[in-house]
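Trainee: What follows is a predicted protein model with its sequence.
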Amino acid sequence: QNFIPRLKDHLLVRLNGLAYNGNEYEFSDEDHDSVLIGDNKLFQHSTLHVNYMTYDLQHQQDTINP
């Protein structure tokens, strides 16, 4: 029940770097609308690819496996 709003609350807390211990943060409808979940689908992946720029301005990519 209320899965999508609770998921968006959790994602907003994480994206804003806040500590998450439950439902202690209130986000506006505008905040919720800023989190888009395409076609109401979520997928589980076994790897994470992270793109970043190094101090010497080179583009790099790391892969994280569980």
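Mentor: Yep, that arrived. Numbering: from 1, shown residues only.
Trainee: What is the burial count for the residue lying closest to residue 46 once chain neighbours are set aside?
Mentor: Nearest residue to residue 46 in three dimensions, chain neighbours excluded: residue 66, at 6.4 Å (C-beta to C-beta, 6 or more residues apart in numbering). (Glycine included, C-beta is placed from N, CA and C.) Neighbourhood size, residue 66 [other C-beta atoms under 10 Å]: 6.
Trainee: for residue 13, same thing?
Mentor: Neighbours of residue 13 under the rule other C-beta under 10 Å: 18.
Trainee: The helix or strand hosting it: how far from the chain's middle?
Mentor: Using DSSP states H and E, residue 13 maps to helix 3-15. Centroid displacement of helix 3-15 relative to its chain, using C-alpha atoms, centre = their mean, to the nearest Å, is 8 Å.
Trainee: Let the chain start at 295 from now.
Mentor: In the new count, where the first residue is 295, that last one comes out as helix 297-309.
Trainee: What ranges does this structure have for its strands?
Mentor: Counting by DSSP state E, one finds strands in the chain at the ranges 342-347, 353-358.
Trainee: Alpha carbons of stretch 334-348, in PDB - could you do that?
Mentor: Output of stretch 334-348 as PDB, limited to C-alpha atoms (Å, rounded to 0.1, in the frame of the first residue of the first chain):
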ATOM      1  CA  ASN A 334       6.000   2.000 -13.700                       C
ATOM      2  CA  LYS A 335       8.700  -0.600 -14.100                       C
ATOM      3  CA  LEU A 336      11.700  -1.400 -11.900                       C
ATOM      4  CA  PHE A 337      14.500  -3.800 -12.800                       C
ATOM      5  CA  GLN A 338      17.000  -5.600 -10.800                       C
ATOM      6  CA  HIS A 339      20.600  -5.700 -12.200                       C
ATOM      7  CA  SER A 340      23.600  -7.600 -11.000                       C
ATOM      8  CA  THR A 341      26.100  -4.900 -11.900                       C
ATOM      9  CA  LEU A 342      26.300  -1.100 -11.400                       C
ATOM     10  CA  HIS A 343      28.200   1.100 -13.900                       C
ATOM     11  CA  VAL A 344      29.400   4.400 -12.500                       C
ATOM     12  CA  ASN A 345      30.600   7.100 -14.800                       C
ATOM     13  CA  TYR A 346      32.800   9.900 -13.400                       C
ATOM     14  CA  MET A 347      35.500  12.400 -14.200                       C
ATOM     15  CA  THR A 348      38.900  12.200 -12.600                       C
END
